[in-house]
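Novice: the following comprises the amino acid sequence and a computationally predicted model.
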Protein chains: 2
Amino acid sequence: MDAAEFRRRGKEMVDLIADYLENIEQRPVYPDVEPGYLRSLIPEEAPEEPETYEDVVKDIERVIMPGVTHWHSPYFYAYFPTANSFPAMLADMLSGAIGCIGFSWAASPACTELETVMMDWLGKMLKLPEDFIAGTHGQGGGVIQGTASEATLVALLAARSRAVRMILASDPQRPETGITSKLVAYSSDQAHCSVERAGMIAGVRMKKIPTEQSDKYAVQGETLRRMIQEDKAAGLIPFYFCATLGTTPSCAFDHITELGPICNAEKIWMHIDAAYAGSSFICPEFRPLLNGIEFADSFNFNPHKWLLVNFDCSTMWVRKRSDLIGAFKMDPLYLKHDHQESGLVTDYRHWQIPLGRRFRSLKMWFVFRMYGLKGLQDYIRKHVELAKEFESLVRADQRFEISADVVLGLVCFRLKGSNEVNETLLKRINNGRKIHLVPCQLSGQFVLRFAVCARTTESRHIREAWRLITQLAEEVMQELPH
Amino acid sequence: MDAAEFRRRGKEMVDLIADYLENIEQRPVYPDVEPGYLRSLIPEEAPEEPETYEDVVKDIERVIMPGVTHWHSPYFYAYFPTANSFPAMLADMLSGAIGCIGFSWAASPACTELETVMMDWLGKMLKLPEDFIAGTHGQGGGVIQGTASEATLVALLAARSRAVRMILASDPQRPETGITSKLVAYSSDQAHCSVERAGMIAGVRMKKIPTEQSDKYAVQGETLRRMIQEDKAAGLIPFYFCATLGTTPSCAFDHITELGPICNAEKIWMHIDAAYAGSSFICPEFRPLLNGIEFADSFNFNPHKWLLVNFDCSTMWVRKRSDLIGAFKMDPLYLKHDHQESGLVTDYRHWQIPLGRRFRSLKMWFVFRMYGLKGLQDYIRKHVELAKEFESLVRADQRFEISADVVLGLVCFRLKGSNEVNETLLKRINNGRKIHLVPCQLSGQFVLRFAVCARTTESRHIREAWRLITQLAEEVMQELPH
């Protein structure tokens, strides 16, 4: 395919995309396929000779679409949202064409520099403490990671490296493996599974801090303090705490204003994972949820969830970039460049797990400019309002109960009654393929999660979803003993 | 921006991209900017109110392009290639629009299933042993990672987990930290820096195996065997060897037919990193370079380098998927789904570091079909021929020498003489901004790397590059004592 054909096919693809997104709600949101469905639809081997573009494009509807879970359907209420906006898609097209690999400043200065400035823009939108802003002289700054899982891991590795350095500074003879085997990290029992996984990857002990329904599933200062004391008495070395703002099961918020000072006093690295909730902090009314950030060493959230920047774009800030870089720095000759010792230069490869990186900040730049701060705030507020609307519908129905405070765009609810009846209800909902939800477990209860996800979700979709849920609930309650 | 405006702007962007790529060679390949150049060109904060698309798009030339290193210019000869093709860009547009996050089968069955089948297609193109093909009953299979660095790390973590399990099986009382502190991994001293970094991340000892110029910078079986024996005698536990096929400095190939049996006998996980060279193995004449793959536990290369699939697409195969999954598996309720225990289903989140993942196999599907195997083979062969052409030009000039065998698309060369004269020459070349190269170090010598990179590179670009290099060499030699 040459550039002339690309001009034609690219324009056709733009129309195909616009058609897909304009008509998405007519498709069943959850696919009706069995595992292995796709293999039999296509050849077993790649073709020897080129096929035509027509051959390929007609297979999109035949092969791909029947197996797609439509995350951008206004009837998709599962997991958490993933962003999808036209400005982000345009920026991503440009990023693909430039196709630079921004592992160092020299590998494409614009890629690195736009990222640093966009991270400052976003940091200012969130009113992050000055320490996290790179500016021209800052010691902190931001980086785009692929996912929150990577940010959690990168922070943990930086914390591990800092802890080992601190201990070796006072006790240079101590063997390093003897130190890491004593390290202990903490996170909420509500934290995302990727936090526990980060501990496995880094080879350090990770303890879950118990939370209570009565505390709204938030980690309390007193609990952390007690665990630290017990662990220190047992000869362990507490070094990392991952706080969550907006947990995956119920969107709970750890008490970071209490937890932060404890971490600071104990020289424990506090990382804050606000993967979903973070986007809301651009609204003054939700910014108090981030209070306590001033005690954190690092902070992360996913604009690719709720800030209209297509996946992947997980933004992470650190107070001291040298802590991060110190954990990773490698400089072979083929990656050295003239400017790298200037202090003004950022080589983002030292900030992340992969070496290569795409030009992702273009998406932020396009989205922030084309929506403006106000447009983004309006978007967040609308989703929260839709969640509140759903909450009211649930509360108005005596057969149902709300299982956790509705703070942002997630509503946790269930039929009053057994887990079995709720599991059956959820199965019926998803088998209907008209709307899609996933469950969570809260205090041993099977709970349905209703997350407002799509950019195009409106009140009518919420009401239609509720109509479907109540209709299926009636069926289930008639069939099962209640 | 609504769908109607996207239809218009998307088509404009398609033309902008085609224009950019059609005229790329008129731009200086390496940008003439100083660190910090971009910050002063844009506001310090995001706008409150939306801007127009015209405002944004006119800043591409004003703000971005002056700072871009043009990786797809036919005058770009630095690092290794990164892929860029029109079919891949079209597929990526579609992937962005579908915008599903394929962490589990249920999260979008098409995303997972196309990936498994595309990995089989590619595995068959490479004539991988049957063990690495998923098929419908295989125990192995493939996964798309973001980068080779991640593949190396994932393999290392799987190896660590397998080693600990094996030792605990025979000695259940042994403390796990006591095991990991004795583990030792190996790689060539020519291996990519990300291999050493993987060891740091996983918290295990990583030893570099020395190579010699006389052995063409390849790891020899005898050297590995000796190191293993010494380490075992010292109480260490060898568990992982990362072989490289096509090293970054000189495109050297470790002797895996010798090394593999040693690893197998010692129950050492052998991972093969062929990040750059791997694409060439689709050609029968280069496939012998992969002989010995039958001894490997895992294998990785980057179609996003040399197989026309835009970044990121780093393909990794494992012989036993259970080894990989076992190192990572986490199953919270919100990620469980009905089909996951069926055995037919792949949940790729257990195969990688991040949780989220884009629909990247679409790029492979479009590229393989629109080029066909023959088209891809032709593309590889053309680059190798261009490298051979450059090699002949160098060899015909008595002032220069070739520093390593030219096997694929990389030519390592230098002026006969001091490192200083070569460093000066490289600086002149890059400051001229007409062509772009990076150096490497081989046996203490400063060497220039000339990698054929762009899809549109032709013989005339190679000859023009050589003309420039010799012209600058003449200047440098007149100025510096030789």
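Specialist: Noted; the coordinates are in hand.
Novice: please count neighbours and contacts with C-alpha atoms only from this point.
Specialist: Noted.
Novice: out of the helices and strands in chain A, which is least certain?
Specialist: Across the helices and strands of chain A, mean pLDDT, DSSP states H and E gives its lowest value to helix A:176-180, namely a mean of 82.
Novice: what strands line up against the helix or strand just after that one, and which way round?
Specialist: Sequence-wise, the next helix or strand downstream of helix A:176-180 (DSSP states H and E) is strand A:183-188. Strand pairing for strand A:183-188, determined by DSSP bridges: strand A:205-209 (parallel), strand A:237-244 (parallel).
Novice: who's in contact with residue A:400?
Specialist: For residue A:400, the set of contacting residues under the criterion of C-alpha atoms under 8 Å, 6 or more residues apart in numbering or on different chains consists of A:394, A:413, A:414, A:415, A:416.
Novice: for the nearest residue to the last one once chain neighbours are set aside, list each beta-bridge partner.
Specialist: With C-alpha to C-alpha, 6 or more residues apart in numbering or on different chains as the criterion, residue A:416 has its nearest non-adjacent residue at 5.3 Å, and that residue is residue A:400. With beta bridges defined as DSSP bridges, residue A:400 has these partners: residue A:415.
Novice: before we move on, the earlier item: of the contacts of residue A:400, select the buried ones using a PyMOL command.
Specialist: Per 16 or more other C-alpha atoms under 10 Å in any protein chain shown, the buried members of the contacts of residue A:400 correspond to this PyMOL selection:
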select buried, chain A and resi 394+413+414+415
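Novice: can you list the contacts of residue A:400 in CSV and add pLDDT?
Specialist: Putting those into CSV (pLDDT from 0 to 100) gives the following:
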residue, pLDDT
A:394, 98
A:413, 98
A:414, 98
A:415, 97
A:416, 96
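Novice: ranges for the helices of the stretch 101-250 of chain A?
Specialist: Taking DSSP state H, counting those that start in this stretch as the criterion, the stretch 101-250 of chain A contains helices spanning A:109-125, A:148-170, A:176-180, A:193-202, A:221-233.
Novice: just the residues contacting the third one, thanks.
Specialist: Going back to what we said before, that points to helix A:176-180. Contacts of helix A:176-180 from elsewhere in the structure, counted by C-alpha under 8 Å, 6+ apart, are A:160, A:164, A:167, A:168, A:204, B:181.
Novice: in those, which residue is surrounded by the most others?
Specialist: Ranked by neighbour count under the definition other C-alpha atoms under 10 Å in any protein chain shown, those are headed by residue A:160 with 25 neighbours.
Novice: so that residue makes contact with residue A:241?
Specialist: No: here residue A:160 lies out of contact with residue A:241, judged by C-alpha atoms under 8 Å, at a distance of 11.4 Å.
Novice: about what we covered before: export the contacts of residue A:400 as a markdown table, with columns for distance to residue B:117.
Specialist: As requested, the contacts of residue A:400 are exported to a markdown table (distance: C-alpha to C-alpha, whole Å):
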| residue | distance to residue B:117 |
| --- | --- |
| A:394 | 43 |
| A:413 | 39 |
| A:414 | 39 |
| A:415 | 41 |
| A:416 | 44 |
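Novice: pLDDT score assigned to residue A:342?
Specialist: Reading off the per-residue confidence, residue A:342 sits at a pLDDT of 56.
Novice: how about the residues of the stretch 301-450 of chain A by chain B?
Specialist: When proximity is defined by C-alpha under 8 Å from any C-alpha of the partner chain, the stretch 301-450 of chain A lies next to chain B at A:310-312, A:328, A:330-335, A:339, A:344-345, A:353-356, A:358, A:366, A:368-375, A:438-441.
Novice: show me which of those are buried.
Specialist: Applying 16+ other C-alpha under 10 Å to these, the neighbour count classes A:310-312, A:328, A:330, A:334-335, A:345, A:353-356, A:358, A:366, A:368-375, A:438-441 as buried.
Novice: remind me, longest helix of chain A?
Specialist: helix A:361-395 (DSSP state H).
Novice: quick check: the gap between the closest residue to chain B within the stretch 251-400 of chain A and residue A:242.
Specialist: In the stretch 251-400 of chain A, the residue found nearest to chain B is residue A:372; the distance is 4.1 Å by C-alpha to the nearest C-alpha. As defined by C-alpha to C-alpha, to the nearest Å, residue A:372 lies at a distance of 31 Å from residue A:242.
Novice: same thing with residue A:31?
Specialist: If you measure residue A:31 against residue A:242 using C-alpha to C-alpha, the figure is 36 Å.
Novice: is residue A:278 in contact with residue A:305, as I believe?
Specialist: No: here residue A:278 does not reach residue A:305: they are 9.4 Å apart, not a contact under C-alpha under 8 Å.
Novice: about what we covered before: may I see the buried residues of the longest helix of chain A?
Specialist: By neighbour count with 16+ other C-alpha under 10 Å, helix A:361-395 contains the buried residues A:361-377, A:379-384, A:386-391, A:394.
Novice: likewise for stretch A:309-329?
Specialist: The neighbour-count check on stretch A:309-329 (16+ other C-alpha under 10 Å) flags A:309-321, A:323-325, A:327-328 as buried.
Novice: and for stretch A:288-302?
Specialist: When burial is assessed from 16+ other C-alpha under 10 Å, stretch A:288-302 yields the following buried residues: A:289-290, A:292-302.
Novice: equivalent analysis for stretch A:439-452, please.
Specialist: Of the residues in stretch A:439-452, those buried by neighbour count under the rule 16+ other C-alpha under 10 Å are A:439, A:440, A:441, A:442, A:446, A:447, A:448, A:449, A:450, A:451, A:452.
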